[in-house]
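> Sequence unavailable; structure follows:
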Ligand code: FES
């Protein structure tokens, strides 16, 4: 796996199941992978899907991610500046490479 962090976003290349996970949020979620690789993302509720502080925009690879469940869809309705590619990093689990921007 290769994880890189840039000023304007985070690129996560998920290549195997052997991820250094932080065990925050859904296993293998963008938040989980980021924290496990030393990339800081806000996560006020501890990754339970109860806040919106982990809101990210999935710029590339959205099709490889799980579909948002009801709790995530409801929380995203509360996000100012929500876009079609908005996801909660703690709930979004990519199966392969994704590029993420923190709004
Ligand atoms: S950390 Fe609170 S919803 Fe993701």
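Perfect, thanks for sending it. This is a predicted model, so every value here is computed, not measured. Numbering: from 1, shown residues only.

> How about the residues of this structure by the ligand?
Residues of the chain lying near the ligand by CB under 6 Å from any ligand atom: 43-45, 47, 49-54, 75, 88, 90. Any C-beta I mention is one placed from the backbone N, CA and C, and that applies to glycine too.

> Of those, which belong to helices?
Mapping the residues of the chain next to the ligand onto helices (DSSP state H) picks out residue 75.

> Among the residues of the chain next to the ligand, name the buried ones.
Buried by 16 or more other CB atoms under 10 Å: 43, 45, 47, 49, 51-52, 54, 75, 88, 90, out of those.

> Tabulate the residues you listed (a markdown table), appending pLDDT and distance to residue 23.
A markdown table is the format used below for these (pLDDT from 0 to 100; distance: CB to CB, whole Å):
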| residue | pLDDT | distance to residue 23 |
| --- | --- | --- |
| 43 | 96 | 12 |
| 45 | 97 | 15 |
| 47 | 96 | 9 |
| 49 | 96 | 15 |
| 51 | 96 | 18 |
| 52 | 96 | 21 |
| 54 | 95 | 15 |
| 75 | 97 | 21 |
| 88 | 97 | 17 |
| 90 | 96 | 11 |
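
> With distance to residue 103 as extra columns, can I get those residues in CSV?
Formatted as CSV, these follow (distance: CB to CB, whole Å):
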residue, distance to residue 103
43, 15
45, 18
47, 18
49, 18
51, 15
52, 11
54, 11
75, 15
88, 12
90, 15
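
> Sweet, I'm off.
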